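1. Requesting a structural model of the entry that follows:
(2 chains)
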Amino acid sequence: MRKLIFNYVQTHKGEILNDWIEQMRQQADERTFTAMSPQMFTKTSSEFIELLISNFTETEREFQAKLTGFAEKIVKFGWPLNVVTLGLQTFRQIVSDGMRKDGLVDRDNFMEFVTEFDHWMFPLNDAIIASYTNTWERTVSLQKIALQELSAPLIPVFEKISVMPLIGTIDTERAKLIMENLLNGVVTHRSEVVLIDITGVPVVDTMVAHHIIQAADAVRLVGAKCMLVGIRPEIAQTIVTLGINLDQIVTTSTLKKGIEEALEMTERKIIEVEEKR
Amino acid sequence: MRIPILKLHDTLLISIQWELDDQTALQFQEDLLHKIHETSARGVVIDLTSIDFIDSFIAKVLGDVISMSELMGAKVMITGIQPAVAITLIELGIRLEDVLTALDLEKGLEKLQRELED
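-> Down below sits the predicted model:
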């Protein structure tokens, strides 16, 4: 029976492919395919069908490698998972319809056909979904790492002075990262003053303030001073309204003023050179 | 094993090289206070560079030692606190508010000297 199905699929490859593309166009969501050019779609579709067939002909490992490659590709194209499963169902429908029409399957051996076909399709289905989700998860985790790298950079601007510009909302997880980066940076750059620039932080609530105070305390423990710069009028208002006490931290309105003050703390200053060249 | 306490002019120098257990920490507290009394030192520098883990009891003892030394008229400077230790201390709510800190021993001694001169 397996051979019968395989032979049928092998010989009617072209027809199946055409039918499949036709049906997929009708059933699947419009926007899924508008992103792709028709040639691209046809190419990818034929690859998909090839892949299904290769499950018969090739060894387990080769098939697995091919499958992973294909999954990566469709994730990149942005095909949703439901289109992939729909594709599998459609393929199944087409093959079983075709074989019935050709009289290869009749009332007697229908049960056998269904069982055999399921044996083939189920593991395939699992494999495709597993490899699709794996690829997807990997993409997400890569993006998460990229986001984390951008999250809390410490920039040494002068000897003994470093700046950490913060942009975007601060949650507990990010605050932890900020604290770690801040302390490790202070130790490796041997900074004496660190400036936390919150110009790009939209809201400072009690929790954010708490995290900042903790970070400032920790910085003091490792032997440096912490300054909070870039406090906008709104932020100043909220801080006072919420009754947050930032007495122990030196604060300034802009990064520029902060740097000047930090230079003063380390007994240096910026002077203008008089002579002109 | 006891922690050695070195005398350098009018300051005492302690470098903690290994993780303290409770007994050693208490012994250290005792030793240091006696030493301050003996030498009438005006400053104490405790270097924690090689410590990368601290538990709540040790942290508490450390905080106590600092307050006690200050009571006896010696300024305490802690140097070389590792980031991980700083985070632990903050999370435990031990803020060591009045203590002086510095990045390393060299800077610590310098800062303490300046502090003692004022």
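2. And the helices in chain B?
-> Using DSSP state H, the helices assigned to chain B run over residues B:22-39, B:56-71, B:83-91, B:105-117.
3. Equivalent analysis for chain A, please.
-> Counting by DSSP H, the segments of chain A that form helices are A:2-11, A:13-27, A:30-34, A:38-57, A:60-77, A:81-101, A:110-151, A:172-189, A:206-222, A:233-241, A:255-265.
4. Chain B is nearest to which of these?
-> Minimum separation from chain B across these (C-beta to the nearest C-beta) falls at helix A:172-189, 3.3 Å. (Glycine included, C-beta is placed from N, CA and C.)
5. picking that back up, quickly, which of the helices of chain A bottoms out on average pLDDT?
-> When these are compared on mean pLDDT, helix A:30-34 scores lowest, with a mean of 58.
6. residue contacts, the residue minimising distance to the centre of chain B?
-> Nearest to the mean C-alpha position of chain B, counting by C-alpha atoms, centre = their mean, stands B:Ile46 at 3.4 Å. Contacts for B:Ile46 were tallied using C-beta atoms under 8 Å, 6 or more residues apart in numbering or on different chains; they are B:Ile14, B:Ile16, B:Leu62, B:Val65, B:Val76, B:Met77, B:Ile78, B:Thr79.
7. The closest residue to the first one other than its chain neighbours and chain A: what is the separation?
-> Going back to what we said before, that points to B:Ile14. Of all residues beyond its chain neighbours, the one nearest B:Ile14 is B:Ile46 (4.9 Å), with distances taken as C-beta to C-beta, 6 or more residues apart in numbering or on different chains. According to C-beta to the nearest C-beta, to the nearest Å, B:Ile46 stands 12 Å off from chain A.
8. Show me the beta-bridge partners of B:Ile46.
-> In this structure, B:Ile46 has beta-bridge partners B:Ile14, B:Ile78, where bridges are defined by DSSP bridges.
9. tell me which parts of the stretch 151-277 of chain A are close to chain B?
-> Residues of the stretch 151-277 of chain A found near chain B, taking C-beta under 8 Å from any C-beta of the partner chain as the criterion, are A:179-180, A:183-184, A:186-187, A:190, A:192, A:214, A:217-224.
10. ChimeraX command to pick out the buried ones of these?
-> In ChimeraX, the members of those classed as buried (16 or more other C-beta atoms under 10 Å in any protein chain shown) are selected with the following command:
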select /A:179,180,183,186,187,192,214,217,218,219,220,221,222,223,224
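11. in stretch A:248-266, what's buried?
-> When neighbours are counted by 16+ other C-beta under 10 Å, the buried residues of stretch A:248-266 are found to be A:Ile249, A:Val250, A:Thr251, A:Thr252, A:Leu255, A:Gly258, A:Ile259, A:Glu261, A:Ala262, A:Leu263.
12. Same question for stretch A:74-91.
-> Going by neighbour count (16+ other C-beta under 10 Å), the buried part of stretch A:74-91 is A:Ile74, A:Val75, A:Trp79, A:Val83, A:Val84, A:Leu86, A:Gly87, A:Leu88, A:Thr90, A:Phe91.
13. ok, which of these also contact chain B?
-> Intersecting the buried residues of stretch A:74-91 with the surroundings of chain B, defined as C-beta under 8 Å from any C-beta, gives nothing.
14. Thank you kindly, that will do.
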